[in-house]
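Student: show me how the following folds:
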Amino acid sequence: MTHVQRTLVVLKPDTVGRSITWEIISRFERAWLHIVGMKMLRPDKKFLHHHYETIGTMITRHGQDIFDITIDMMTKMPIIAMVLEWVDIVDYVRKMVGSTEPKSAAPWTIRWDYAHMSYAHADASKIGIPNLVHASGNAEEAEKEIKHWFSPEELFEYSPLHHAFTR
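Tutor: Predicted structure coming up:
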């Protein structure tokens, strides 16, 4: 059964710093995904700790060093957070974005097109892997992340024009 979902997408500092934010956003819009919230912000370490460890269990899964490198990378410059909505969107966005390791991303995904670093190179250089985009891993995670990143007042309910063509 299909159903409408929401998912969080974060355009990371490497996307903002390379000035390719609208190229990435336009890919989601061209796929008829519905933007219901968007903002630019510079989250602090406490905010990111909640996102990456309380919700995402990064330290638990990957260790403190990876967490610290990620937080350092994510605080270098602003990011753009957005909430997208559409039918079964969580899995769809994950496919569009590609594998977390850009080197392993499938052709024509966002990471394949715009990022090319491997885990091995990032680890050897002791840097965060510039993989451009965070996308919620599953529907439960998406719900928690959206509540963390957006207040209810920052999310909008409206029918996009293309609904007339998809019903």
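Student: next one: the residue positioned nearest the centre of the chain, what pLDDT does it get?
Tutor: Nearest to the mean C-alpha position of the chain, counting by Cα atoms, centre = their mean, stands residue 134 at 2.3 Å. Residue 134 carries a pLDDT value of 96.
Student: low-scoring stretches of this protein, by residue?
Tutor: 1-2, 161-167 (pLDDT under 70).
Student: in this structure, which spans are strands?
Tutor: 4-11, 34-41, 79-87, 133-135 (DSSP state E).
Student: which residues touch the third one?
Tutor: Applying Cβ atoms under 8 Å, 6 or more residues apart in numbering, the contact partners of strand 79-87 are 2-13, 15-16, 21, 25, 28, 32-43, 92-93, 146, 149-150, 155. Glycine gets a C-beta too; all of them are placed from N, C-alpha and C.
Student: for PyMOL, what selects the buried ones among those?
Tutor: Filtering the contacts of strand 79-87 down to the buried ones (16 or more other Cβ atoms under 10 Å) takes a single PyMOL command:
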select buried, resi 5+6+7+8+9+10+11+12+13+15+16+21+25+28+33+34+36+37+38+43+92+93+146+149+150
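Student: got the buried residues for stretch 142-157?
Tutor: 142-146, 149-150.
Student: list just the nearest of those residues to residue 76.
Tutor: Ranked by distance to residue 76 (Cβ to Cβ), the buried residues of stretch 142-157 are led by residue 149 at 18.4 Å.
Student: any idea how far the closest one lies from residue 8?
Tutor: The spacing between residue 149 and residue 8, counted by Cβ to Cβ, to the nearest Å, is 6 Å.
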